[in-house]
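Asker: no sequence for this one, just the structure:
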């Protein structure tokens, strides 16, 4: 249960640079009305960023090449099917984790 | 009549809607605690990181750089870049909450994460609105679970067998898949086709960007570009 002054400063620095990007937009949109085109653009952000996060974890960088992360890709298939079928966050997470555990156990 | 409950702004409903994401927070949090201990951080330091930085990927990268002896300036700049995508997430959620006080808005922003963003935009898609109490219920549940999980991981880390083998780290990806599907299930048929085209472009673009950029930057740039393509190609 120890730390140092320098480490505290480092954490505070990191806290500041993660806090500002999260909070700044909340302050910003209170003071300026976003133009319609920006709001329309923002409507695409949820699907874009979620699909980017999913797709990014299906790829992996291997040396000079970008290839598939095969385990994630194989586990992704039943996870996607369950998500479409049940539309349930918790069921999807549980099936996903079980699939990955089975994959890792056998491979 | 049972539909009417969704329109009420309730703290308890926020907690309830957070529950499906908790397995993700717990498994990643515990994993972080374990990594923290093996990166020579103390339990107090793990606790402070989860309280003050509160960002999964940034905390992992922090450990990697710290144990490698990187200069503090590099650690701070990297943490900033890794979390820059939150600007977009906050910008997407914030317009729905402008009628609350500045202080409450700072609170909403402070506790925004990938997961709470995902749950919140899914709520917007369904209800066309967001409630402040609901946001607080969601955010505080996620935040406290994260702090407890990270700290527990730090405490039990030495005795825990490799958590990765259990597949728990996949909880995060599975959650993003479900949130993506939930967001798409609310749109009409022609809009869905548009989105599927955009996701295909996203796959190609992301694949190409990964040759030249680290993952977190590829995600950010690809999102900016594909959202722009989305606006330009909509009917």
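Answerer: Thanks, I have the structure now. Just so we're clear, the structure is a prediction, and the values are computed from it rather than from any experiment.

Asker: who touches the residue of chain B found nearest chain A in this structure?
Answerer: The minimum distance from chain B to chain A, using C-beta to the nearest C-beta, falls at residue B:174 (2.8 Å). For every residue, glycine as well, the C-beta is placed using N, CA and C. Residues near residue B:174 by C-beta atoms under 8 Å, 6 or more residues apart in numbering or on different chains: A:79, A:83, A:92, A:93, A:95, A:96, A:97, B:24.

Asker: Would you agree residue B:130 falls within a helix?
Answerer: No. Judged by DSSP: H, G, I helix; E, B strand; the rest coil, residue B:130 forms no part of a helix; its state is coil.

Asker: How much space separates it from residue B:138?
Answerer: Here residue B:130 is placed at a distance of 10 Å from residue B:138 (C-beta to C-beta, to the nearest Å).

Asker: what does residue B:201 give?
Answerer: Distance of residue B:201 to residue B:138, given as C-beta to C-beta: 31 Å.

Asker: Packing partners of the helix or strand of chain B with the lowest mean pLDDT?
Answerer: Here the helix or strand of chain B ranked lowest by mean pLDDT, DSSP states H and E is helix B:56-67, holding a mean of 87. In this structure, helix B:56-67 makes packing contacts with helix A:5-31, helix B:11-38, helix B:43-52, helix B:72-82, judged by 3 or more C-beta pairs under 8 Å, 6 or more residues apart in numbering or on different chains; DSSP states H and E.

Asker: Please state the offset of stretch B:56-72 from the chain centre?
Answerer: 19 Å (C-alpha atoms, centre = their mean, to the nearest Å).

Asker: hmm, I was thinking of stretch A:40-47
Answerer: 16 Å.

Asker: ok, and for it, which residues are buried?
Answerer: Across stretch A:40-47, burial judged by 16 or more other C-beta atoms under 10 Å in any protein chain shown covers A:41, A:42, A:43, A:44, A:45, A:46, A:47.

Asker: So out of everything in chain A, what residue is nearest chain B?
Answerer: residue A:96 (2.8 Å).

Asker: what sits against the residue nearest the centre of chain B?
Answerer: In chain B, the residue lying closest to the centroid (C-alpha atoms, centre = their mean) is residue B:114, at 1.3 Å. Contact analysis of residue B:114 by C-beta under 8 Å, 6+ apart lists A:53, B:56, B:85, B:89, B:176.

Asker: Kindly report the same for residue B:28.
Answerer: So, once contact is read as C-beta under 8 Å, 6+ apart, residue B:28 ends up touching B:56, B:149, B:168, B:169, B:171, B:172.

Asker: redo that, cut-off 7 Å
Answerer: Going by C-beta atoms under 7 Å, 6 or more residues apart in numbering or on different chains, residue B:28 touches B:56, B:169, B:172.

Asker: Which of those has the largest number of neighbours?
Answerer: Greatest neighbour count in the contacts of residue B:28, by other C-beta atoms under 10 Å in any protein chain shown, goes to residue B:172: 25 neighbours.

Asker: Name the helix or strand for that residue, please.
Answerer: helix B:170-185 (DSSP states H and E).

Asker: Only the buried residues of that helix, if you could.
Answerer: B:170-184.

Asker: Domain-wise, how is chain A divided?
Answerer: Per automatic domain parsing, the structural domains of chain A span A:1-32, A:34-106.

Asker: Which of those has the highest mean neighbour count?
Answerer: domain A:34-106 (a mean of 18; mean count of other C-beta atoms under 10 Å in any protein chain shown).

Asker: And the average pLDDT for that domain is what?
Answerer: Domain A:34-106 comes out with an average pLDDT of 93.

Asker: Tell me the span between the first and last residue of that domain.
Answerer: 52 Å (C-alpha to C-alpha, to the nearest Å).

Asker: now swap in stretch B:127-135 and tell me
Answerer: End to end - C-alpha to C-alpha - stretch B:127-135 spans 13 Å.

Asker: Domain boundaries for chain B, per the record?
Answerer: Chain B breaks down by automatic domain parsing into domains covering B:9-186, B:187-235.
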